[in-house]
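**Student:** Here is the input, now give the coordinates:
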Amino acid sequence: MLFHSDNRNGSDRGKRIYALFEIVYTAIDFLAAMMFLVGSVMFLSEAWQTPGTWLFIVGSVLFATKPTLRLARELKLAAIGDTDDLAKRLHG
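**Tutor:** Numbers count the residues shown, from 1 in each chain. Here you go, the predicted model:
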């Protein structure tokens, strides 16, 4: 089942995929937050407002990437998963 907490406890390959996606997800989160922080400081000066706006746009794109990344991870985990386990989770 997609987005099920047991997905992180599957096979060794599944655990590696889960961990890799979590690292990337955290890096994206950090970069997006930094873009917003620096963009906010840039907005204090009228001369820096245009670059600050671009940082907000880039940060927004990064934040929008996060749910896409989670969906990609879940689809990948489902693709490598055992169909018997998937059926058990669905019919629980």
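**Student:** Least confident secondary structure element in this structure?
**Tutor:** Scoring the helices and strands of the chain by mean pLDDT, DSSP states H and E places helix 83-91 at the bottom, with a mean of 49.
**Student:** and the helix or strand hosting residue 25, how far out from the chain's middle?
**Tutor:** Per DSSP states H and E, residue 25 falls inside helix 12-42. How far helix 12-42 lies from its chain's middle: 7 Å, per Cα atoms, centre = their mean, to the nearest Å.
**Student:** Kindly report the same for stretch 57-65.
**Tutor:** 11 Å.
**Student:** Show me which parts of that stretch are buried, residue by residue.
**Tutor:** Across stretch 57-65, burial judged by 16 or more other Cβ atoms under 10 Å covers 59, 62-63, 65. Where C-beta positions appear, they are placed from N, C-alpha and C, glycine not excepted.
**Student:** follow-up on the earlier one: against which helices or strands is the helix holding residue 25 packed?
**Tutor:** Packing partners of helix 12-42 (3 or more Cβ pairs under 8 Å, 6 or more residues apart in numbering; DSSP states H and E): helix 49-80.
**Student:** what is the orientation angle of the helix it packs on with helix 12-42?
**Tutor:** Angle of helix 49-80 versus helix 12-42, following axes from the mean of the first three to the mean of the last three Cα atoms, to 10 degrees, is 170 degrees.
**Student:** Please consider this matter closed, and thank you.
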